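> turn this into a structure:
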Amino acid sequence: SGSDWSEKVILTHDSSFTIAGYTNSFGAGGFDFYMVHTNHSGVPIWEKTYGGSDWDKAYSLVQLEDSGFVLVGETYSYGAGGMDMYIVRTDKFGDTLWTQTYGGLADDYAKDVILDGDSIVVVGGTNSFGAGMSDGIILKYHIDGTLGWVKLAGKDRNDFFNAIVKNETDEYFLAGSRLYYFEETGWLDDFWIYNITEDGLTVIADTSLNGGSHEVEVAYDLVVDANDDIFFAGETKSFGYSLIDSKKDVFIGKFNNDYYQVPYVQTFGAEEDDIAFGMDYCYDKGIVAVGQIHSGSTGGFNMFIMRVDKDNTLVGFNVVED
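Sure, this is the predicted structure:
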């Protein structure tokens, strides 16, 4: 009867599905982490909540080799103060094995997680530590819950990571946003691709620009192909219909493996805000993306799914209306 949000869905080892998000329909109070496991047809098999009496929201999950799960997000119920990163490991039935929080007196949150051998790598943002305001944060935990290392990335403005992937040569690629200030326009976001070695010691690439783009760009997801070319999806106000109405447009772009941004930009949108939140790489070397669209919607935002072929041509776009 309350609000129930899904943030991540994965295909599990047995070809079923598991969804992570948050709910205030069930649980201990406020919002709680919410995990639903379904069969291959989407029929729920079991569901679990995790959290305390305050707000706790899960934004991503990953399945482990033992078929258990790790969920990550934010918590006001536990931790050092304010909002902290919240990590929950479960068995294959969703029963809690351990929980961890990470943060300081200010707000800290986790947005994505990947499995890396016998470890997990968690990314997000921190206001408690770093160079100033918010910084991007990367944490590596052993799957038993032991913290391995922590790396911060950022300058004196708002910096954060939204997504992480790993390539075949043990490098981490991260996407997010970096905030700049311009006297003539005020605060603006620039998308941010960050590449480090698996041990977190060496920065291979940091694509943030000194001075930014003078408009708003945020990357919410990324994929890396076999050539280490990087595709990213999010929002823009520098291309497409944004140049007419100054609203956000769906933005898909690409960096070659030398971190040079190629003329591969696909936008979609009309009046109002349209944003891509997730993407994946297709077998035909194209891209599929999902998100929310306000342009011409039946009321509020609608969901959309779009596909771009390997030549950067929009070949399909569907809106899910209700």
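> can you give me the strands in the stretch 1-150 of the chain?
For the stretch 1-150 of the chain, the strands defined by DSSP state E, counting those that start in this stretch cover 4-11, 17-23, 32-38, 44-50, 56-63, 69-75, 84-90, 96-102, 108-116, 119-126, 135-142, 147-153.
> and the very next helix or strand once past the last one, what does it pack against?
Following strand 147-153 in sequence order, the next helix or strand is strand 159-166 (DSSP states H and E). Contacting strand 159-166 under the criterion 3 or more Cβ pairs under 8 Å, 6 or more residues apart in numbering; DSSP states H and E are the following elements: strand 108-116, strand 119-126, strand 135-142, strand 171-182, strand 186-197, strand 217-224. For glycine as for every other residue, the C-beta is placed from the backbone atoms N, C-alpha and C.
> so in that sheet, which strands flank strand 159-166, and in what orientation?
As defined by DSSP bridges, the strand partners of strand 159-166 come to strand 171-182 (antiparallel).
> retrieve the pLDDT associated with residue 321.
Looking at residue 321, its pLDDT reads 69.
> what residues of stretch 138-153 count as buried?
138-141, 143, 151, 153 (16 or more other Cβ atoms under 10 Å).
> what's the farthest-apart pair in those residues?
The largest separation in the buried residues of stretch 138-153, counting by Cβ to Cβ, is between 143 and 153 at 24.1 Å.
> residue ranges with poor pLDDT in this structure?
Counting by pLDDT under 70, the chain has low-confidence residues at 178-188, 208-214, 261, 296-299, 321-322.
> hmm, try it at 80
Across the chain, the ranges flagged by pLDDT under 80 are 132, 155-157, 177-191, 206-216, 259-265, 270, 295-301, 316-317, 319-322.
> list of residues touching stretch 112-119?
59-65, 70-72, 87, 120-124, 140-143, 148, 161-166, 198 (Cβ atoms under 8 Å, 6 or more residues apart in numbering).
> could I get the buried residues of stretch 138-153 in a markdown table, plus columns for distance to residue 232?
Listed next are the buried residues of stretch 138-153 as a markdown table, based on distance: Cβ to Cβ, whole Å:
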| residue | distance to residue 232 |
| --- | --- |
| 138 | 17 |
| 139 | 22 |
| 140 | 23 |
| 141 | 26 |
| 143 | 28 |
| 151 | 20 |
| 153 | 17 |
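> just the residues you listed now: which is nearest residue 35?
Taking the buried residues of stretch 138-153 together and measuring to residue 35 by Cβ to Cβ, the closest member is residue 143, at 17.3 Å.
> what's the neighbour count on the spatially closest residue to the closest one that is not a sequence neighbour?
Leaving aside its sequence neighbours, residue 143 sits nearest to residue 118 (Cβ to Cβ, 6 or more residues apart in numbering; 5.7 Å). Residues contacting residue 118 under the criterion other Cβ atoms under 10 Å number 10.
> go on, residue 168?
Residue 168 is flanked by 8 other residues according to other Cβ under 10 Å.
> then it would be within a strand, right?
No - Residue 168 is assigned coil when assessed by DSSP: H, G, I helix; E, B strand; the rest coil, not a strand.
> looking at the helices and strands packed on strand 159-166, which is nearest to residue 95?
Among the helices and strands packed on strand 159-166, strand 119-126 sits nearest to residue 95 (Cβ to Cβ), with 18.1 Å.
> just checking: what are the partner strands of the closest one?
strand 108-116 (antiparallel), strand 135-142 (antiparallel).
> TSV for these, including distance to residue 223?
Shown next, in TSV, are the strands paired with strand 119-126 (distance: least, Cβ to Cβ, whole Å):
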stretch	distance to residue 223
strand 108-116	12
strand 135-142	18
